[in-house]
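Q: Fold the following for me, if possible:
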Amino acid sequence: MNSRIHLPTVVAIAVTVYAVGIALHELGHVTAGIVVGGNPALVSSTDVRGDWSEVSRGGDVLIGISGSLVNWILAALGYCMLRVRKISGASRYFAWLLMAVNGFFAFVYMAASPLIAFGDWVTILRGFPLETPLRVVTSAMGIALTCWWMRLSARQLAPLFPAPTQAARLAKAYPVTLTSWLAGGSIAAVASLLRPLELRWALIVAIASTFGTTWTLRPTARLAARHELSAEEGHAQSIGPSVTWMVAGTAIGLAFVFWLGPGVAV
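A: Reported below is the predicted structural model:
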């Protein structure tokens with residue numbers, strides 16, 4: 001069976017997944033900040049600002065890990081949706097992308113943040129005994145979890161684009177994941193142009209947190225192409241034109257750029 005792919009629908013799904021993943025990540029920080037006694041003042045697509053002077057060390061850890069925790073929950077939700085066999089086509093690809101992207105947001109960030117001494121994992125690990133060795137260990141764990149997530153995501157992607165040969169499977173899967181990666185990273189970059197941060201830093205944060213953390217979608221597609229499917233696994237997906245997804249993606253993308261891009265007072 002040949003699968004049809006409507007790239008504007010793929011773009012709309014990707015914009016939805018990336019925008020929701022980033023927005024809820026930042027709102028996770030806001031929620032944790034309030035819970036531990038902080039005073040968040042502004043949330044944007046690139047950061048959360050506020051007064052954290054009264055927050056305890058344990059509160060700092062909770063604030064730091066809260067964003068990744070939200071992404072792990074979204075990834076688990078996507079995985080559970082994939083267990084529902086009656087969803088297909090664009091909705092099934094949405095479930096897969098929700099799983100894959102949010103997992104990569106969390107695990108690649110876990111690998112990179114301790115090494116570059118920037119971001120959530122610096123907040124989490126700061127002040128612990130043997131902080132430098134702990135950062136190295138945490139980064140190594142992030143790398144290992146990223147590799148595991150790539151293999152798991154590849155196994156879940158493979159049944160969506162079955163074909164007789166590896167080359168044919170790659171020809172189906174790779175353009176879809178590449179389009180998703182480009183669309184998701186681009187919407188984050190556009191939103192950062194309306195930033196509360198200085199432009200250079202806003203772009204760096206936006207690009208690193210999207211293009212940087214989810215470049216793994218591309219090798220995941222290659223791993224999926226190598227996966228040999230049983231007769232029961234293969235069910236070609238037709239991601240045809242979907243007005244629902246294109247309207248939803250447009251609305252969510254505009255809200256993300258013009259609402260969360262410049263920031264919202266809390």
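
Q: can we go C-alpha only for contacts and neighbour counts from here?
A: Noted.

Q: ok but Arg49 is inside a strand, no?
A: Yes. Membership of Arg49 in a strand is supported by DSSP: H, G, I helix; E, B strand; the rest coil.

Q: my guess is it contacts Ala41, does it?
A: Yes. Look at Arg49 against Ala41 with C-alpha atoms under 8 Å: they come within range, at 5.7 Å.

Q: out of those two, which sits in the more crowded spot?
A: Arg49 (17 against 14; other C-alpha atoms under 10 Å).

Q: Return the residues in contact with that one.
A: For Arg49, the contact set (C-alpha atoms under 8 Å, 6 or more residues apart in numbering) comprises Pro40, Ala41, Leu42, Val43.

Q: could you redo the last one with a cut-off of 6 Å?
A: Pro40, Ala41, Leu42 (C-alpha atoms under 6 Å, 6 or more residues apart in numbering).

Q: Now the one helix or strand Ser113 maps to: buried residues?
A: Per DSSP states H and E, Ser113 falls inside helix 89-116. For helix 89-116, the neighbour count (16 or more other C-alpha atoms under 10 Å) marks 89-115 as buried.

Q: how about the strands of the stretch 1-150 of the chain, start to end?
A: For the stretch 1-150 of the chain, the strands defined by DSSP state E, counting those that start in this stretch cover 39-43, 48-51.

Q: likewise the stretch 151-266 of the chain?
A: 264-265.

Q: Could you list the low-pLDDT ranges of it?
A: 230-237 (pLDDT under 70).

Q: Likewise for the stretch 1-150 of the chain?
A: 1-3.

Q: can you do 50?
A: Low-confidence segments of the stretch 1-150 of the chain (pLDDT under 50): 1-2.

Q: What ranges does it have for its helices?
A: 7-35, 57-82, 89-116, 120-125, 131-157 (DSSP state H, counting those that start in this stretch).

Q: give the contact list for the nearest residue to Ala95 once chain neighbours are set aside.
A: Nearest non-adjacent residue to Ala95, counting by C-alpha to C-alpha, 6 or more residues apart in numbering: Gly78, 4.5 Å away. By C-alpha under 6 Å, 6+ apart, the contact set of Gly78 is Ala95, Leu98, Met99.

Q: just the strands of the stretch 1-150 of the chain: most buried one?
A: Most buried of these, by mean neighbour count (mean count of other C-alpha atoms under 10 Å): strand 39-43, with a mean of 18.

Q: Pull up the pairing partners for that one, direction included.
A: strand 48-51 (antiparallel), strand 264-265 (antiparallel) (DSSP bridges).

Q: Pipe those strands into a markdown table and attach distance to Pro162 per row.
A: Listed next are these as a markdown table, based on distance: least, C-alpha to C-alpha, whole Å:
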| stretch | distance to Pro162 |
| --- | --- |
| strand 48-51 | 42 |
| strand 264-265 | 44 |
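
Q: For stretch 152-168, what is the distance to the chain centroid?
A: 21 Å (C-alpha atoms, centre = their mean, to the nearest Å).

Q: now swap in stretch 149-158 and tell me
A: The answer for stretch 149-158 is 15 Å, by C-alpha atoms, centre = their mean.

Q: could you dump it to CSV, C-alpha only?
A: Below are the C-alpha coordinates for stretch 149-158, written out as CSV (Å, rounded to 0.1, in the frame of the first residue of the first chain):
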residue,chain,number,x,y,z
TRP,A,149,14.9,7.1,22.9
MET,A,150,16.1,7.1,19.3
ARG,A,151,15.8,3.3,19.1
LEU,A,152,12.3,3.3,20.8
SER,A,153,11.1,6.1,18.5
ALA,A,154,12.4,4.4,15.4
ARG,A,155,10.5,1.2,16.3
GLN,A,156,7.3,3.2,16.7
LEU,A,157,7.9,5.2,13.5
ALA,A,158,8.7,2.2,11.3
